[in-house]
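**Student:** when you get a sec, could you give me coordinates for this:
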Amino acid sequence: MAKYDFNFKMKVVKSYLNGEEGLISLSKKYGISNKSQIHRWINAYNTLGEDGLKRKTKDNRYTVQFKLDVINYMLITKSSAQEVANHFNMNNSSLIIS
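**Tutor:** Numbers count the residues shown, from 1 in each chain. So this is what the prediction gives:
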């Protein structure tokens with residue numbers, strides 16, 4: 001089970017986007033150990049909308065060609081893992097890293 005559910009993520013992201021609180025105060029208020037987690041949620045929401053905050057229920061299997069395309073894109077553009085994930089509509093940049 002995921003540590004944070006969709007509704008919780010939405011509440012935190014909306015609080016930030018509405019200018020109610022910053023990353024540090026939100027992480028303290030909600031007991032999120034790292035403000036970068038909130039930043040990833042914000043990025044996923046801004047890029048993919050609400051779907052970016054939803055946990056994927058389908059076990060995606062990526063083809064070798066897709067993986068090569070992702071790696072080549074990252075090398076050619078010198079983009080960060082998060083930027084590459086955004087480009088390929090993936091809500092989890094850690095997949096790119098691994």
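
**Student:** where does Asn86 land in three-state SS?
**Tutor:** The three-state assignment at Asn86 reads helix, by DSSP: H, G, I helix; E, B strand; the rest coil.

**Student:** point me to the helix or strand that includes the nearest residue to it once chain neighbours are set aside.
**Tutor:** Nearest non-adjacent residue to Asn86, counting by CB to CB, 6 or more residues apart in numbering: Thr47, 4.4 Å away. (Glycine included, C-beta is placed from N, CA and C.) Assigned by DSSP states H and E, Thr47 belongs to helix 35-48.

**Student:** would you map out the domains in this protein?
**Tutor:** Following automatic domain parsing, the chain resolves into domains at 6-53, 64-97.

**Student:** so what pLDDT did Asp59 get?
**Tutor:** pLDDT for Asp59: 67.

**Student:** mind jotting down where the helices sit in this structure?
**Tutor:** Secondary structure of the chain by DSSP state H: the helices cover 6-17, 23-30, 35-48, 64-77, 81-87, 94-97.

**Student:** where's Asp5 relative to Ser94, distance?
**Tutor:** 19 Å (CB to CB, to the nearest Å).

**Student:** ditto for Val64
**Tutor:** Relative to Ser94, and taking CB to CB, Val64 is found at 20 Å.

**Student:** looking at the two, which is more packed in?
**Tutor:** Ser94 (11 against 7; other CB atoms under 10 Å).

**Student:** thanks a lot, see you next time.
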